[in-house]
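Asker: Here is my input; please provide its structure:
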Amino acid sequence: MKAALFLLTFYLISVFPASASENSHTGETSTAYIADLYSDLESFDVTIYSDQPENNLNLEVLLVRPVGTNEEMLDRQVFSVDSIPANKQVIKVGFWNVGSSERGAYKIKAQLLEGNKVLSESEYNFAYGTNSASRLQVNDLVANSQGISVALSPKEASLFDIEYMLVNGSDVVYTTKAEKLSLTSAPDIFSAPWGTLLENNKEYAGRVKIQVYSPDKEVISSAERFTARDDAEITDIYKDETGASATVYGRSQVPFEGKLIFSVYKLKATSEIGNSSLVESVQQRVPVLLNNDDETVEVAWSHRLTEGIYRLEIELLGNDGDIIEHRETVIESDLSQNSSVSLVNNTTSETETSDEKGIPGFSAAALVSGLAAIFALFRNKI
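Answerer: Below you'll find the model as predicted:
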């Protein structure tokens, strides 16, 4: 019985060998290995994993095309893998530099190296321009400082997953995944915001990787580069003769650290909007904003605006001092100059008025003297 079991096991191993050509791990002491590999003629990604920290490794990736019995190398890229945390995936993304795209079969070969020693290697075969059309089609892709959006149209009803990637150089610095999405007949847009901070004026790439599971596993990807910018907008304004406020709404994952400038101009004639003189200008810092944050900034004029029509200009400045938005509105004040003076002397007026609101024709001293005389009169009669 034991002999029969041994022969059966040996037969199964020989019939179903391990796919060493697709993925192999050869490091003796290192636990780092290539866990996943994907490529098309636009870009590729390599997922590296280790169950213990690893440092100072290199990743070599080749794009080749079969030519007869040989292979033609189309592109070669080498990346440094400075560190791999324990039990955490590290994803490297690259973009191919292929002059002309010819239909046919292609192969990507990846090797994870420690010095000259190969720790792990993997291969991925794919085809370009074949007659087998994808069940999903990427119509458009937009990546910016807020997030990433992809427009998809189905050729037939499909269930799929989308992995959204933010790429800095060759490193995936943020990734999120939406699973079990569906399209039946109409195109739709799928989006994700970046869940990490971006650096102002820095170039990134947004990338989507879409996987359809049935009837056959199929993966398509698309990417777009963008430069991260600080961005915000004014959504609401309040103003009167005492001051003004503006609500600022953040529209970027670059921390917005801008300013608001409120400038008030007195119009000399309502029919001559351009004929005005500056009354006051106030600058205020906007609290730090990220995408979908909002803050209201208030200012008070040094003096209440007297009767007349005023033009209020509000400028929103970005991190670099550039004008992001310029808004204009008017303030109409009914406060006369005399009213303004009386308001300034309000405390004195109220004190004087309170004295005048006593018994008419009598002072406090006269009232006391009168009461004392009446009291003395009654006392003598008693």
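
Asker: State the phi and psi torsions of residue 331.
Answerer: The phi/psi pair for residue 331 (degrees, to the nearest 10) reads phi -120, psi 130.

Asker: correct me, but it touches residue 305?
Answerer: Yes - contact between residue 331 and residue 305 holds when scored by Cβ atoms under 8 Å: they sit 6.4 Å apart. Every residue, glycine included, has its C-beta placed from N, CA and C.

Asker: Common neighbours of the two, please.
Answerer: By the contact definition Cβ atoms under 8 Å, 6 or more residues apart in numbering, residue 331 and residue 305 are jointly contacted by 241, 264.

Asker: Mind listing residues that contact stretch 284-293?
Answerer: 145-147, 193-194, 197, 232, 248-253, 255-260, 262, 295, 297-299, 316.

Asker: Please enumerate the strands of the stretch 101-250 of the chain.
Answerer: If DSSP state E, counting those that start in this stretch is used as the criterion, the strands of the stretch 101-250 of the chain fall at 104-114, 117-128, 136-143, 147-154, 158-168, 171-183, 188-193, 203-212, 218-227, 232-239, 243-250.

Asker: Please convert those strands to JSON lines, extending it with mean pLDDT, distance to residue 312 and mean neighbour count.
Answerer: Written out in JSON lines, the entries for the strands of the stretch 101-250 of the chain read as follows (pLDDT from 0 to 100; distance: least, Cβ to Cβ, whole Å; neighbours: other Cβ atoms under 10 Å):
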{"stretch": "strand 104-114", "mean pLDDT": "95", "distance to residue 312": "60", "mean neighbour count": "18"}
{"stretch": "strand 117-128", "mean pLDDT": "94", "distance to residue 312": "59", "mean neighbour count": "18"}
{"stretch": "strand 136-143", "mean pLDDT": "95", "distance to residue 312": "35", "mean neighbour count": "16"}
{"stretch": "strand 147-154", "mean pLDDT": "96", "distance to residue 312": "34", "mean neighbour count": "20"}
{"stretch": "strand 158-168", "mean pLDDT": "96", "distance to residue 312": "40", "mean neighbour count": "20"}
{"stretch": "strand 171-183", "mean pLDDT": "96", "distance to residue 312": "40", "mean neighbour count": "14"}
{"stretch": "strand 188-193", "mean pLDDT": "97", "distance to residue 312": "33", "mean neighbour count": "16"}
{"stretch": "strand 203-212", "mean pLDDT": "97", "distance to residue 312": "38", "mean neighbour count": "20"}
{"stretch": "strand 218-227", "mean pLDDT": "95", "distance to residue 312": "33", "mean neighbour count": "16"}
{"stretch": "strand 232-239", "mean pLDDT": "97", "distance to residue 312": "5", "mean neighbour count": "16"}
{"stretch": "strand 243-250", "mean pLDDT": "98", "distance to residue 312": "6", "mean neighbour count": "20"}
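
Asker: could I get these as JSON lines with distance to residue 323?
Answerer: Shown next, in JSON lines, are the strands of the stretch 101-250 of the chain (distance: least, Cβ to Cβ, whole Å):
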{"stretch": "strand 104-114", "distance to residue 323": "47"}
{"stretch": "strand 117-128", "distance to residue 323": "46"}
{"stretch": "strand 136-143", "distance to residue 323": "25"}
{"stretch": "strand 147-154", "distance to residue 323": "25"}
{"stretch": "strand 158-168", "distance to residue 323": "28"}
{"stretch": "strand 171-183", "distance to residue 323": "30"}
{"stretch": "strand 188-193", "distance to residue 323": "26"}
{"stretch": "strand 203-212", "distance to residue 323": "23"}
{"stretch": "strand 218-227", "distance to residue 323": "19"}
{"stretch": "strand 232-239", "distance to residue 323": "12"}
{"stretch": "strand 243-250", "distance to residue 323": "14"}
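
Asker: Looking at those strands, which is nearest to residue 36?
Answerer: strand 117-128 (8.2 Å; Cβ to Cβ).

Asker: Looking at the record's assignment, how would you partition this protein?
Answerer: Domain segmentation of the chain under automatic domain parsing yields 19-128, 136-227, 232-336.

Asker: For the nearest residue to residue 195 once chain neighbours are set aside, give the beta-bridge partners.
Answerer: Nearest residue to residue 195 in three dimensions, chain neighbours excluded: residue 174, at 5.8 Å (Cβ to Cβ, 6 or more residues apart in numbering). With DSSP bridges as the criterion, residue 174 is bridged to residue 166.

Asker: what number of residues lie near the closest residue to residue 202 other than its chain neighbours?
Answerer: Distances taken as Cβ to Cβ, 6+ apart place residue 228 nearest to residue 202, at 5.3 Å, with adjacent residues excluded. Using other Cβ atoms under 10 Å, residue 228 has 22 neighbouring residues.
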